[in-house]
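Mind folding the following:
(one chain, ligands or ions: 1)
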Amino acid sequence: MVSKAMELAVTNPLICFTSSKPLSNPSSILRAFTVRCSVSLSSDRASTGVAERPWKTSDARLVLEDGSIWRAKSFGASGTQVGEVVFNTSLTGYQEILTDPSYAGQFVLMTNPHIGNTGVNFDDEESMQCFLGGLVIRSLSISTSNWRCAETLGDYLAERNIMGIYDVDTRAITRRLRQDGSLIGVLSTEESKTDEELLELSRSWDIVGVDLISGVSCKTPYEWTDNTKSQWDFNANGRDGNTFHVVAYDFGIKHNILRRLASYGCKITVVPSTWPASETLKIKPDGVLFSNGPGDPSAVPYAVETVKEILGKLPVFGICMGHQLLGQALGGKTFKMKFGHHGGNHPVRNLRSGHVEISAQNHNYAVDPASLPEGVEVTHVNLNDGSCAGLAYPAQNIMSLQYHPEASPGPHDSDNAFQEFIELMKRAKENA
Ligand SMILES: NC(=O)CC[C@H](N)C(=O)O
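Modelled structure (predicted):
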């Protein structure tokens, strides 16, 4: 009886207001419960002799380069890992986020507090691997419930050797990142490492200037075989019977880009990031796609050179990293943003149609439109901060988006961009 009363007093904040008896003095009832609680706890310990709590206590630390230390509980893999902390505002889609190669070198902090409730399945992956440094969440769902669930999030991360932490104040960390900009952090479950050692590690590592593409790109070319089940293939009537051959440069390509191109009737050859432009031109495809990818676009001059050699010779479509490389190849500059855009709720204005699209985004760098030569048109603008979200150079059959028309996860408002690419290839073929 005593412990039942304790449970009610502790977990139900409305207990005083739902009592069947009129409350002449609610504070005395609270006092009574408090006394009962303390009696109950001390008598339990006395009878079992065990002072251990039944729940897990903090066994992980996130140390940020600004010197702040966040105690948390660990799940997934253990160890010590360094990376850049970014926050993602998507409500769900954590599995697609975990397998997006563009997160290599980063810890993803989900601002939605409740993660893991749908578990994971093996159809929703965006690549063959998790390349990110780790996952930071507020609350790890204690149960998984979804008809497609094959595994829990914790088991999935552990099998892939990816660290996760929960029970950490993700709102406070997000506010810090918004105020001070992106920060490097270290996640550790190793008690032998001091806070000072972890801080030192966070301050001795940087993501700027590092070629992260070479670690995520495929090693040899392959033909994409699309296994998308018909129930997931939306907009399938976008196909007009034509087949266009697209060479897709894999800078860390998300599978949904390939699925969407296939859905629009494209035959796709995926090639590694170092694949020579001359080999691509030899194949004579109808168009070239430059994919998304992790890290600093200024750290991969070889990729910019490849893009330069292809521009003007074939219709091209750049997505995210591909867009940034195109911007550089056209003579423009890219810069690092304060904390970037990561999430499925970014409003973008399509300046040609006048429509606002709610888009999926994931980038820390952007193209400076003022640095672009004449003739290059800014086609899309991010309405949160006015940054450049899309470019076109019609004279050379070039189009690009800073964000993700393939979504996954995120809204499908921008799917039409794939249709535009098809039309670009069609026009180029007709005029050839
Ligand atoms: N999704 C991407 O392609 C990311 C592009 C680039 N790595 C950035 O962070 O800006």
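
So which residues on the chain come close to the ligand?
Contacts of the chain with the ligand, taken as CB under 6 Å from any ligand atom, map to Ser102, Asn292, Gly293, Pro294, Gly295, Cys320, Met321, Asn362, His363, Asn364, Tyr365. C-beta here means a position set from N, CA and C on the backbone, and glycine is covered the same way.

Among those residues, which ones are in strands?
Cross-referencing the residues of the chain next to the ligand against strands under DSSP state E gives Asn362, His363, Asn364, Tyr365.

Nearest residue to the first one in space, please, no chain neighbours.
Counting by CB to CB, 6 or more residues apart in numbering, the nearest residue to Asn362 once its immediate chain neighbours are dropped is His342, at 5.0 Å.

got a list of what that neighbour touches?
Val86, Phe87, Asn88, Thr89, Ser90, Val108, Gln361, Asn362, His363 (CB atoms under 8 Å, 6 or more residues apart in numbering).

what do you get if the cut-off is 10 Å, keeping everything else the same?
Contacts here follow CB atoms under 10 Å, 6 or more residues apart in numbering; on that basis His342 touches 86-90, 97, 100, 102-103, 106, 108-111, 360-364.

Could you tell me which of the residues you listed count as buried?
Buried subset of the contacts of His342 (neighbour count, 16 or more other CB atoms under 10 Å): 86-88, 90, 97, 100, 102-103, 106, 108-111, 360-364.

which ones among those residues are found in helices?
Among those, the ones falling in helices (DSSP state H) are Ile97.

tell me the centre residue of the chain?
Ile97 (4.0 Å; CA atoms, centre = their mean).

Would you agree that one is in contact with Leu91?
No - with contacts counted by CB atoms under 10 Å, Ile97 stays clear of Leu91, the gap being 11.3 Å.

Now do the shared contacts for these two.
Met110, Gly343, Gly344, Pro409.

residues of stretch 421-432 that come out buried?
Neighbour-count burial for stretch 421-432 [16+ other CB under 10 Å]: Phe421, Ile422, Leu424, Met425, Lys426.

how far out from the middle of the chain is that stretch?
Counting by CA atoms, centre = their mean, to the nearest Å, stretch 421-432 is centred 33 Å from the centre of its parent chain.

tell me which helix or strand of this structure sits lowest on mean pLDDT?
When each helix and strand of the chain is scored by mean pLDDT, DSSP states H and E, helix 26-48 comes last, with a mean of 38.

any idea which helix or strand comes after that helix?
strand 60-64 (DSSP states H and E).

Sheet partners, orientation included, of that next one?
strand 69-76 (antiparallel), strand 183-188 (antiparallel) (DSSP bridges).

Tell me which of those strands sits most buried.
strand 183-188 (a mean of 26; mean count of other CB atoms under 10 Å).

Using PDB, write out the CA atom coordinates for the next helix or strand after it.
Sequence order places helix 195-203 as the next helix or strand after strand 183-188, per DSSP H and E. Extracted in PDB, the C-alpha atoms of helix 195-203 (Å, rounded to 0.1, in the frame of the first residue of the first chain):
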ATOM      1  CA  ASP A 195      36.800  15.500 -19.400                       C
ATOM      2  CA  GLU A 196      40.000  17.400 -20.300                       C
ATOM      3  CA  GLU A 197      41.200  14.700 -22.600                       C
ATOM      4  CA  LEU A 198      37.900  14.600 -24.400                       C
ATOM      5  CA  LEU A 199      37.900  18.400 -24.700                       C
ATOM      6  CA  GLU A 200      41.400  18.400 -26.100                       C
ATOM      7  CA  LEU A 201      40.300  15.800 -28.700                       C
ATOM      8  CA  SER A 202      37.300  18.000 -29.700                       C
ATOM      9  CA  ARG A 203      39.600  21.000 -30.100                       C
END
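
the inter-axis angle of helix 195-203 versus strand 60-64?
50 degrees (axes from the mean of the first three to the mean of the last three CA atoms, to 10 degrees).

what sits up against the helix or strand that helix 195-203 is followed by?
As assigned by DSSP H and E, the chain's next helix or strand after helix 195-203 is strand 222-223. With contact meaning CB under 10 Å, 6+ apart, strand 222-223 is reached by Asp250, Lys267, Ile268, Thr269, Val270, Val271, Pro272.

Report the strands that pair with strand 222-223, each with its relative direction.
In its sheet, and by DSSP bridges, strand 222-223 pairs with strand 266-272 (antiparallel).

Buried residues in the strand it pairs with, which are they?
For strand 266-272, burial by neighbour count (16+ other CB under 10 Å) applies to Cys266, Ile268, Thr269, Val270, Val271, Pro272.

pLDDT for those - can I get that in JSON lines?
Formatted as JSON lines, the buried residues of strand 266-272 follow (pLDDT from 0 to 100):
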{"residue": "Cys266", "pLDDT": "95"}
{"residue": "Ile268", "pLDDT": "97"}
{"residue": "Thr269", "pLDDT": "98"}
{"residue": "Val270", "pLDDT": "98"}
{"residue": "Val271", "pLDDT": "98"}
{"residue": "Pro272", "pLDDT": "98"}
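
Let me have the residues you listed in JSON lines, extended by distance to Val216.
What follows is these, written out as JSON lines (distance: CB to CB, whole Å):
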{"residue": "Cys266", "distance to Val216": "22"}
{"residue": "Ile268", "distance to Val216": "18"}
{"residue": "Thr269", "distance to Val216": "18"}
{"residue": "Val270", "distance to Val216": "13"}
{"residue": "Val271", "distance to Val216": "14"}
{"residue": "Pro272", "distance to Val216": "10"}
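
Ile268 contacts Pro285, correct?
Yes - with contact defined as CB under 10 Å, Ile268 reaches Pro285; the gap is 9.2 Å.

and for these two, which residues touch both?
Contacts common to Ile268 and Pro285, judged by CB under 10 Å, 6+ apart, are Phe244, His245, Val246, Val247, Ala248.

before we move on, what SS does the third one have?
To tie it back to what came earlier, the one meant is Val246. strand (DSSP: H, G, I helix; E, B strand; the rest coil).

Give the bridge partners for it, please.
Ile268, Gly287.

Just list the residues touching it, thanks.
224, 258, 261-262, 264, 266-270, 285-289, 314-317, 421-422, 425.

Same question for Met163.
Contacts of Met163 by CB under 10 Å, 6+ apart are 60, 62, 74-81, 83, 107, 132-136, 157, 187-189.

at 8 Å what do you get?
So Met163 contacts 60, 74, 76-79, 81, 133-135, 157, 187, 189 (CB under 8 Å, 6+ apart).

just Ser74 next, same as before
Per CB under 8 Å, 6+ apart, neighbours of Ser74: Asp59, Ala60, Met163, Gly164, Ile165, Thr189.

do that again at 10 Å, thanks
Here Ser74 is in contact with 56, 58-61, 134, 154, 163-167, 187-189 (CB under 10 Å, 6+ apart).
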